[in-house]
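Peer 1: please find the sequence and the predicted model below.
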Amino acid sequence: MSRTSPDSPSRRGFLRSIGRAAAAGVAVPMVVPASALGRGGFTAPSERITLAMIGTGNQGFNDLRSFLRDDRVQVVAVCDVNREGPGYWDGKVGGREPAKRLVEEHYGRRAGSGSYAGCASVVDFREILGRDDIDAVEICTPDHWHAIPVIEACKAGKDIYCQKPLSLTIAEGRAMSDAVKETGVVFQTGSQQRSDPNFRRACELVRNGRIGELKRVLVGLPGGRPNLAGEGGDDKKTAPVPEGFEYDSWLGPAPEAPYAPARCHVNFRWILDYSGGQITDWGGHHPDCAQWGMGTERTGPVEIRNVAGTFEPPDPLWDTATAFSLDAVYGNGVVMNISNANRMGVTFEGTEGTVHADRGRIDADPKSLLDSEIGPGEIRLYASDDHFRNFIDCVHSRGPTAAPVEVAHRSITVCHLGNIALRLGRDRLRWDPDAERILGDDEAAAMLSRPYRDPWKLPVV
Ligand SMILES: NC(=O)C1=CN([C@@H]2O[C@H](COP(=O)(O)OP(=O)(O)OC[C@H]3O[C@@H](n4cnc5c(N)ncnc54)[C@H](OP(=O)(O)O)[C@@H]3O)[C@@H](O)[C@H]2O)C=CC1
Ligand SMILES: O=C1CO[C@H](CO)[C@@H](O)[C@@H]1O
């Protein structure tokens, strides 16, 4: 096979054929030959993974910097419905033009010339997906804008890094997971705690019985609806749409609604039309790690019970729960309690001890548990110490990532169920994790999906 450029059908076809083979259950080599990818540890520009960022707001900028640090990646396009403006996390400027500048300045510095012009900037993500010279995309849009681009990206054969929480509804998550499986693309969820050694260590201790029999898992999330956007970001009055902002495209599949600053940018999290509040915003992190330690990553609870919470204070726009507690009960009797009143992070309680993990921290009782070594023949969990590099490693190897789509779907399902119960004022919901159906409650079952605003539809692979 000849050495190829990033848009070469042979190189892309080679990577994809491995993916399709893996999806079909065919054994594939985990190492891509140097002839397909480059040599000698240095990735020639023509052989880098070409990547586009869709959604260049708060996290889009953070993630863009992470990909720019990886010499195996070439960022070739950015996409956002806003040209440029403030209000992304404490007043920071975001949008596609500053993102394009960030990319071009980075490559200009690296080239030594100080200037570079090779990053496209577009409004419509479909333009990115239609480009045959793009290998991978990150989808870093608000939660109501994850499912459609992910499934379209699958159809276009792009490898995908999609931010957490995976979905806005359980039906979306199921469709996304099926689309990834069907097309064989590589998928990483932006649940970077899966690449945090503290969480991995805590989960390995639990999985290997170091705390005895696991009884209860306490998941602590933040409460409230803080203004994350900075000055003016909590302004809920209807206002003219800022120049350069394609507001109708921002709404996309969500219901028609008048523009107000507090609706968009990072504060979309506090509006149920676009997100699920703290429960889902953090649902892709701590409840996900709880399922990792519990070994229930590809299934789910059989019941949501003892649901309590409040949507106070009433607000004309921000309508997500501000305080909450719910028990997710699993078939083996283990209970996962998710509450803003719990200690932030994940606490596993067993018959012989507890283990707690949070960002940058692990703790245990007794403390001696922390010295326990995992021996040969014991359970070792997927080891990644860098979530972004892990994604690119897997784009090369076509192997599974640290945070696969099905696993993300299953953890956010617990949070979606909790939100459904809270919104309907139900004390309990019965759930069939195999059929993914709510049992005996038609009103709750109707909330497994939501209608889309015309002309948007959940794509079919
Ligand atoms: N893993 C982690 O630790 C974190 C993950 N996240 C996740 O990242 C995602 C984005 O959150 P965040 O960056 O905070 O939010 P932002 O609102 O700051 O960023 C989202 C960006 O997507 C843009 N956008 C909206 N619709 C489209 C579209 N159809 N096509 C292209 N761009 C679009 C927004 O436009 P506009 O400019 O109009 O707002 C905005 O610039 C969320 O799902 C969030 O949960 C966020 C923080 C941390
Ligand atoms: O990790 C995180 C930090 O806080 C953000 C705002 O609530 C979350 O969106 C994010 O997932």
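Peer 2: Cool, got the structure. Ligands and ions are numbered 1, 2, ... in the order given.

Peer 1: dihedrals phi and psi, the closest residue to residue 262 other than its chain neighbours?
Peer 2: Spatial nearest neighbour of residue 262, excluding adjacent residues (CB to CB, 6 or more residues apart in numbering): residue 236 at 4.5 Å. (Glycine included, C-beta is placed from N, CA and C.) Dihedral pair for residue 236: phi -100, psi 0, per degrees, to the nearest 10.

Peer 1: can I assume residue 347 sits in a strand?
Peer 2: Yes - assessed by DSSP: H, G, I helix; E, B strand; the rest coil, residue 347 belongs to a strand.

Peer 1: so it sits right up against residue 356, yeah?
Peer 2: Yes - using CB atoms under 8 Å, residue 347 is in contact with residue 356, at 4.5 Å.

Peer 1: of those two, who's got more company?
Peer 2: Taking other CB atoms under 10 Å, residue 347 and residue 356 do not tie; residue 347 has more neighbours (23 against 20).

Peer 1: for the more buried one, give me its contacts.
Peer 2: Residue 347 makes contacts with 217-220, 354-356, as judged by CB atoms under 8 Å, 6 or more residues apart in numbering.

Peer 1: how many neighbouring residues does residue 280 have?
Peer 2: By other CB under 10 Å, 26 other residues sit near residue 280.

Peer 1: in this structure residue 452 contacts residue 253, no?
Peer 2: Yes - Residue 452 lies in contact with residue 253 (CB under 8 Å); the separation is 3.9 Å.

Peer 1: beta partners for the closest residue to residue 94 other than its chain neighbours?
Peer 2: Nearest residue to residue 94 in three dimensions, chain neighbours excluded: residue 88, at 3.6 Å (CB to CB, 6+ apart). Going by DSSP bridges, residue 88 is paired in beta bridges with residue 92.

Peer 1: residue of the stretch 301-450 of the chain closest to ligand 1, please.
Peer 2: Closest to ligand 1 within the stretch 301-450 of the chain is residue 387: 8.5 Å, counting by CB to the nearest ligand atom.

Peer 1: any idea how far residue 342 is from that residue?
Peer 2: 25 Å (CB to CB, to the nearest Å).

Peer 1: nearest to ligand 1 within this protein, name that residue for me.
Peer 2: The chain approaches ligand 1 most closely through residue 57 (2.2 Å), counting by CB to the nearest ligand atom.

Peer 1: what about that residue, neighbour count?
Peer 2: Close neighbours of residue 57, defined as other CB under 10 Å, add up to 26.

Peer 1: tell me which residues touch it, please.
Peer 2: The contact partners of residue 57, by CB under 8 Å, 6+ apart, come to 80, 82, 88, 94-95, 140, 265-266.

Peer 1: just the residues you listed: which are in strands?
Peer 2: Residues from those lying in strands, with DSSP state E as the criterion: 88, 94.

Peer 1: which of the contacts of residue 57 has the most neighbours?
Peer 2: Of the contacts of residue 57, with other CB under 10 Å as the count, residue 80 tops at 29 neighbours.

Peer 1: name the nearest residue to that one, ignoring sequence neighbours.
Peer 2: residue 96 (3.9 Å).

Peer 1: with adjacent residues omitted, what lies nearest to the most centrally placed residue in the chain?
Peer 2: Central residue of the chain (CA atoms, centre = their mean): residue 164, 2.1 Å from the mean position. Leaving aside its chain neighbours, residue 164 sits nearest to residue 284 (2.6 Å; criterion: CB to CB, 6+ apart).

Peer 1: go ahead and confirm the one you found touches residue 173.
Peer 2: No - here residue 284 lies out of contact with residue 173, judged by CB under 8 Å, at a distance of 11.0 Å.

Peer 1: got any residues that touch both of those two?
Peer 2: Counting by CB under 8 Å, 6+ apart, the common neighbours of residue 284 and residue 173 are 166, 408, 412.
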